[in-house]
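> next one to model:
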Amino acid sequence: MQLKTCFTMFGLCLTIIALGQDGVSFDALVKKLDDRAIPTYYFEAELFTGTTVDSFHRGEKVYYYKIYKGKIQHHTAFDYDGKLVREFNYEEGLLHGTITSYFGNGQKYYEDQYKKGLREGRQLGWYKDGSPRYVIECMGGGEISRIDYPKPNRGVEPDSSSKRN
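Numbering: from 1, shown residues only. All right, here's what the predicted structure looks like:
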């Protein structure tokens, strides 16, 4: 009887870890779109407020969603090794403020600015080595200017067959 209780407790602990801080997986939420296609999340027919945590098959906690009255407020993701991969801010369920994505080495991949779901202001992108990839200026969700930088070829030696003596 004790062995069965032990396995039951172990299974319960794994379920709690897998489902997140509030005991709810993001996948368990019901998404409904309003007339502007903005999602609102429900759990058991009620507006959801709380933090969901979902993980990959190996059990690491990687996806965090903070939701208030059915609207996502913040989303953070980590890779298998626990390194930050992305961090998005929301207001009323729309991207708002700074959103940032990272390469596995910790270098920023891009940093975009949003205002009420639309890209606004300066958007920046980098290559994995940290050199600039692009700078985009946006207004009202539209691109008004863009500068793209060539990919760096650091550490690449010219082909020796093309050298002249």
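> all contacts plus neighbour counts: C-alpha atoms, from now on.
Fine.
> low-confidence regions, the chain specifically.
Applying pLDDT under 70 to the chain picks out residues 1-23, 57-61, 154-165.
> remind me which helix or strand the most centrally placed residue in the chain belongs to.
The centre of the chain sits closest to R86, judged by CA atoms, centre = their mean, with a distance of 3.8 Å. If you go by DSSP states H and E, R86 is part of strand 84-91.
> same check, this time on H75
Per DSSP H and E: strand 71-78 holds H75.
> contacts for that strand?
Identification of contacts with strand 71-78 by CA atoms under 8 Å, 6 or more residues apart in numbering yields 39-41, 61-67, 84-94.
> paired strands for it, with orientation please.
Applying DSSP bridges, strand 71-78 is found paired with strand 61-68 (antiparallel), strand 84-91 (antiparallel).
> which one of those strands lies nearest to E137?
E137 sits nearest to strand 84-91 of all the strands paired with strand 71-78, at 19.1 Å, using CA to CA.
> strand partners (parallel or antiparallel) of the following helix or strand past that closest one?
Next helix or strand after strand 84-91 toward the C-terminus (DSSP H and E): strand 94-95. Applying DSSP bridges, strand 94-95 is found paired with strand 84-91 (antiparallel).
> check which residues of the partner strand are buried.
L84, V85, R86, E87, F88, N89, Y90 (16 or more other CA atoms under 10 Å).
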